[in-house]
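Chemist: sequence below, structure please.
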Amino acid sequence: MKLNTIQPAVGSRQKAQRLGRGIGSGIGKTCGKGHKGQKARAGGYHKVGFEGGQMPLQRRLPKFGFTSRAARFAAEIRLDALNKIEGSIANIEALFNANLIAMPTKKVKVFLAGKLERPMTIQGIALTKGAREAVEAAGGTIE
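Modeler: As a prediction, the model looks like this:
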């Protein structure tokens, strides 16, 4: 096989229609664009979503959704994720080192899911009521 002999599979490529090549071609004269009007002109088209001057759908519907800027710097983690931390002190730095949170995180909240397997000291991290009880039941402290 040589580069100059490579061809696509038979039937995989259709020949491009040649517009405006006489009456016999079936698409001569107006080239399938009809007579006059914006759609018949070269370059005469409208933007995406244009509805002929009618109020477009994307402007008729209400805006919705909101992303809190503060939420970008907050994180929630499961209680059993604290088991991945090396050492007995759990703070934001220890969570980052254990790949549980991203670097720009400033606030972390632990919620009750799973169980804590060893006593830990929790520093500078918020806990839900259930998570607080679980940490204390495992012999840990909260600062």
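
Chemist: in the protein, where is pLDDT below threshold?
Modeler: Across the chain, nothing is flagged by pLDDT under 70.

Chemist: tell me the domain ranges of it?
Modeler: Using automatic domain parsing, the domain parsing of the chain gives 18-65, 70-142.

Chemist: a markdown table please, covering those domains and showing distance to Gly11 and mean neighbour count.
Modeler: For the C-beta atoms, the positions are set from N, CA and C on the backbone; glycine is no exception. Compiled in a markdown table, the domains of the chain are given as follows (distance: least, Cβ to Cβ, whole Å; neighbours: other Cβ atoms under 10 Å):
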| stretch | distance to Gly11 | mean neighbour count |
| --- | --- | --- |
| domain 18-65 | 20 | 10 |
| domain 70-142 | 51 | 15 |
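
Chemist: pipe these into JSON lines and attach distance to Ile6 per row.
Modeler: Formatted as JSON lines, these follow (distance: least, Cβ to Cβ, whole Å):
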{"stretch": "domain 18-65", "distance to Ile6": "25"}
{"stretch": "domain 70-142", "distance to Ile6": "48"}
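
Chemist: kindly list the longest helix within this structure.
Modeler: Longest helix in the chain, counting residues (DSSP state H): helix 129-137.
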